[in-house]
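**Q** Dropping the sequence and predicted coords here.
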Amino acid sequence: MQYCNQCGQPVEIKVPPGDNLPRFVCTNCNTVHYENPRIVAGCVCEWKGRILLCKRAIKPRAGFWTIPAGFMEKGETTEQAAVRETAEEAKARVNVDAFFAMINVPHIDQVHLMFRGTLIDDSYSPGDESEEVILADKSAIPWQNIAFPSVKFTLERYFADLEKTEFGVHVTDIAPRKHGT
């Protein structure tokens with residue numbers, strides 16, 4: 001950030017009074033510009049024992065598989081974001097059943113909030129961000145080609161809970177990948 005979005009004057013990085021972290025602060029009007037983590041909302045969508053998966057058509061991780069998920073928009077709840085992402089990525093309709101997982105990804109300033117849901121019907125097809133959409137049971141999940149660690153964590157916990165016939169709420173932190181791993 002170079003300029004204040006309130007008055008257009010230059011900003012500088014400094015610790016504002018009463019704060020303990022460096023922030024962008026306007027040199028003219030003293031507006032503090034906070035940069036906060038972004039929320040990703042997604043849903044494990046089930047239909048008759050199978051899970052809805054989308055093969056990504058966009059970067060990052062184009063060609064890899066994910067559950068419907070994406071960044072929240074202003075003015076929506078996390079649940080609404082998960083429903084919208086399911087519609088956008090898989091042209092599917094889902095009823096959200098419950099909150100399922102929170103994955104902190106601090107090295108990229110994100111928090112991923114995942115829900116469990118049931119598809120309203122078996123109508124689905126690729127949206128603009130997906131090149132393919134499938135319903136897969138546990139044995140058909142392309143585990144080696146899952147796009148993101150948060151999705152793998154969510155799916156692993158989902159199937160573990162399914163075996164126990166009791167769903168919980170799961171929380172984890174994901175560290176950056178080390179080079180070569």
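**A** It's in.

**Q** for stretch 1-14, how far is the first residue from the last?
**A** Here the two ends of stretch 1-14 are set 13 Å apart, with distance taken as Cα to Cα, to the nearest Å.

**Q** mean confidence for it?
**A** Averaged across stretch 1-14, pLDDT comes to 96.

**Q** Please identify the buried residues of that stretch?
**A** Across stretch 1-14, burial judged by 16 or more other Cβ atoms under 10 Å covers 4, 11. The way it works is simple: take the backbone N, C-alpha and C, and place the C-beta from them, glycine included.

**Q** for this protein, which strand is longest?
**A** Looking across the chain with DSSP state E, the single longest strand is strand 94-105.

**Q** I'd like the next helix or strand past that one.
**A** strand 110-119 (DSSP states H and E).

**Q** which intervals of this protein have sub-threshold pLDDT?
**A** Counting by pLDDT under 70, the ranges of the chain that qualify are 179-181.

**Q** residue ranges for the strands of it, please.
**A** Assigned by DSSP E, the strands in the chain fall at 11-14, 23-26, 32-33, 38-47, 50-56, 65-66, 69-71, 94-105, 110-119, 130-136, 170-173.

**Q** May I see the buried residues of the longest one?
**A** Of the residues in strand 94-105, those buried by neighbour count under the rule 16+ other Cβ under 10 Å are 94, 96, 99, 100, 101, 102, 103, 105.

**Q** What lies in contact with it?
**A** 43-45, 68, 79, 82-83, 86, 111-120, 149-150, 153-154, 157-158, 167, 169-174 (Cβ atoms under 8 Å, 6 or more residues apart in numbering).

**Q** Also the second one?
**A** With Cβ under 8 Å, 6+ apart as the contact definition, strand 23-26 has outside contacts at 1, 4, 6-7, 9-16, 31-35.

**Q** to the chain's geometric centre, what's the distance from it?
**A** Its chain's C-alpha centre and that of strand 23-26 lie 28 Å apart, by Cα atoms, centre = their mean, to the nearest Å.

**Q** Partner strands of that strand, with direction?
**A** Paired with strand 23-26 in the same sheet, following DSSP bridges, are strand 11-14 (antiparallel), strand 32-33 (antiparallel).

**Q** What of the fifth one?
**A** Applying DSSP bridges to the sheet, strand 50-56 is found paired with strand 38-47 (antiparallel), strand 65-66 (antiparallel), strand 130-136 (antiparallel).
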